[in-house]
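Q: Sharing a sequence plus its predicted fold:
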Amino acid sequence: MSRTRLPRAGWHQGHDLTGGLARRAIQWYKAAPVLTPHMMNVIRLIVFALVLAAPSVAGAVETPDPAKLKLGSANALVYEPGTGRALYQKGADDVTPIASVTKLMTAMVVLDANLPLDEPLAVDIGDFDMLKGSSSRLSMGVELPRREMLRLALMASENRAASALARHFPGGSDAFVAAMNRKAASLGMTRSHFDDSTGLSPSNVSTARDLAKMVEAAAGYPLIREFSVTPSYVVEVQPTGRVLGFNNSNRLVQSSEWDIQLQKTGYIREAGRCLVMLVQIASKPVVIVLLDSVGKYTRLGDATRVKHWIETGKPLPAAKAAFAAAGKARKPATVKSRAVSTSIRRPRT
């Protein structure tokens, strides 16, 4: 007696209960010595019903409850770029200063221009921060290739590097800012405006929802992904040959618990502390936007709460999240190169 081959499409391996029952039915069907036509039809109906049910059971994914997530940041968005679904939002359409998160747009405009990355750029007086008086380790007259200026602007949030990138753009800084706003418009960032390449100006504004679009776009540039998550880096500046070490402004990139694909921090008084990231959580890409956080560790604590919430569906108490974030605050590393020792300082951003 010939036996009909049963379809295997849609079957899910692992711990799927429905798939397990169907497999047992097939095993029983194959092992049975002689089956009447009626019994065979009954078994086929059971197996086919289980096969059809298996994908829906295995594909069911529980969505975490937004009401269980409590964040300290004034504006936030947790977004699935693959589905376009917002998992959590809080003041996501409020326009607010974005500080050095700006530098993601700066990087895209630089790379879109296809300027030579090996061209040396010199820091000039025009790159000094006359607005906030922030410090920089790139002193007057030092030179670095455009590639290294871009790297330091992204990973260490170096303001003079970001300023030099704009100043050496065809047409100068004004043309660069105009290109930034055109790029924002092309990405559908309708509530965003850029006034400078560093983010030091409080006139650089956006929303959490617009910034999620910017993060998605920036992720399409391999150099931005690479440079933004570089934990630490050493450069030799010309013409002196001095060696300078820099750490990433986001301490989470050093943690083995995180799979960060792209990130950028930001801080000025008007913006509070900001953080945007593209991360893998529970094997899925997630964009996290945190704006206007108060306190040194709030943005890191909020990111930790988001990760725990997505993984477990449960809230993480604020105290535990803050403790976990504080644990990422490692001491600056020490770099030795060519008999020159220099401490890698963390920038203020």
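A: Yep, it's here.

Q: what ranges of the chain fall below the confidence cut-off?
A: Scanning the chain for pLDDT under 70 picks out 1-61, 318-349.

Q: could you redo the last one with a cut-off of 50?
A: Flagging of the chain using pLDDT under 50 yields the residue ranges 1-22, 25-26, 28-30, 40, 45, 47-61, 331-348.

Q: Run through the strands of it in chain order.
A: With strands called from DSSP state E, the chain shows them at 75-80, 85-90, 96-97, 120-122, 143-145, 205-206, 232-237, 242-247, 260-268, 272-281, 284-293, 334-337, 340-343.

Q: how about the ones you listed, which one is nearest Ala156?
A: strand 242-247 (4.0 Å; C-beta to C-beta). Glycine gets a C-beta too; all of them are placed from N, C-alpha and C.

Q: ok, Asp259 touching Val279?
A: Yes - shown here, Asp259 and Val279 form a contact pair, counting by C-beta atoms under 8 Å, at 6.1 Å.

Q: Between the two, which has more neighbouring residues?
A: Per other C-beta atoms under 10 Å, whichever of Asp259 and Val279 has more neighbours is Val279, with 20 against 13.

Q: show me what contacts that one?
A: Residues in contact with Val279 (C-beta atoms under 8 Å, 6 or more residues apart in numbering) are 258-261, 285-286, 288, 307.

Q: Buried by neighbour count, from these: which ones?
A: The neighbour count (16 or more other C-beta atoms under 10 Å) marks 258, 260-261, 285-286, 288, 307 as buried among the contacts of Val279.

Q: Now render the strands of the chain as CSV, adding distance to Ser186.
A: Shown next, in CSV, are the strands of the chain (distance: least, C-beta to C-beta, whole Å):
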stretch, distance to Ser186
strand 75-80, 20
strand 85-90, 22
strand 96-97, 22
strand 120-122, 26
strand 143-145, 28
strand 205-206, 15
strand 232-237, 31
strand 242-247, 31
strand 260-268, 19
strand 272-281, 19
strand 284-293, 19
strand 334-337, 40
strand 340-343, 41
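
Q: between those strands, which one is nearest to Met130?
A: strand 260-268 (14.1 Å).

Q: Which strands border that closest one, and is each parallel or antiparallel?
A: strand 272-281 (antiparallel) (DSSP bridges).

Q: With just CA atoms, put the strand it pairs with into CSV.
A: Provided in CSV are the C-alpha atoms of strand 272-281 (Å, rounded to 0.1, in the frame of the first residue of the first chain):
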residue,chain,number,x,y,z
GLY,A,272,20.3,68.0,28.4
ARG,A,273,22.1,64.7,27.8
CYS,A,274,21.1,62.9,24.6
LEU,A,275,21.7,59.5,23.2
VAL,A,276,20.7,57.8,19.9
MET,A,277,21.6,54.2,19.1
LEU,A,278,20.9,51.4,16.6
VAL,A,279,21.3,48.2,18.6
GLN,A,280,20.5,44.5,18.3
ILE,A,281,18.2,43.4,21.2
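
Q: so what's Asp93 up against?
A: 191, 207-209 are the contacts of Asp93 under C-beta under 8 Å, 6+ apart.

Q: one step back: which one of the contacts of Val279 sits closest to Asp112?
A: The nearest member of these to Asp112, counting by C-beta to C-beta, is Gln261 at 20.2 Å.

Q: Quick check: bridge partners of the residue nearest to the closest one when sequence neighbours are not counted?
A: Once flanking residues are discounted, Gln261 sits nearest to Leu278: 4.5 Å by C-beta to C-beta, 6 or more residues apart in numbering. For Leu278, the beta-bridge partners are Leu262, Val287 (DSSP bridges).

Q: Leu278: how many residues sit nearby?
A: 23.

Q: Likewise for Gly171?
A: 9.

Q: what about it, distance to Asp124?
A: For Gly171, the distance to Asp124 equals 16 Å [C-beta to C-beta, to the nearest Å].

Q: My guess is the residue nearest to Gln261 contacts Leu262. True?
A: Yes - using C-beta under 8 Å, Leu278 is in contact with Leu262, at 4.3 Å.

Q: shared neighbours of these two, anything?
A: When contacts are counted by C-beta under 8 Å, 6+ apart, the set common to Leu278 and Leu262 consists of 215, 219.

Q: hang on, the earlier thing: I'd like to know which of the buried ones among the contacts of Val279 is nearest to Asn248.
A: Nearest member of the buried ones among the contacts of Val279 to Asn248, counting by C-beta to C-beta, is Ile260, at 9.8 Å.

Q: Could you double-check that that closest one lies in contact with Met277?
A: Yes - the pair Ile260 / Met277 is scored as a contact, 5.7 Å apart, by C-beta under 8 Å.

Q: Now the common contact residues for the two.
A: Shared contacts of Ile260 and Met277, defined by C-beta under 8 Å, 6+ apart, comprise 250, 252.

Q: How about the contacts made by Ile288?
A: Taking C-beta under 8 Å, 6+ apart as the test, what Ile288 contacts is 76-79, 275-277, 279, 303, 306.

Q: repeat for Ser73
A: Contacts of Ser73 were listed using C-beta under 8 Å, 6+ apart, and they are 90, 272, 290-293, 298-299, 302.

Q: change it to 7 Å
A: 290-293, 298-299, 302 (C-beta atoms under 7 Å, 6 or more residues apart in numbering).
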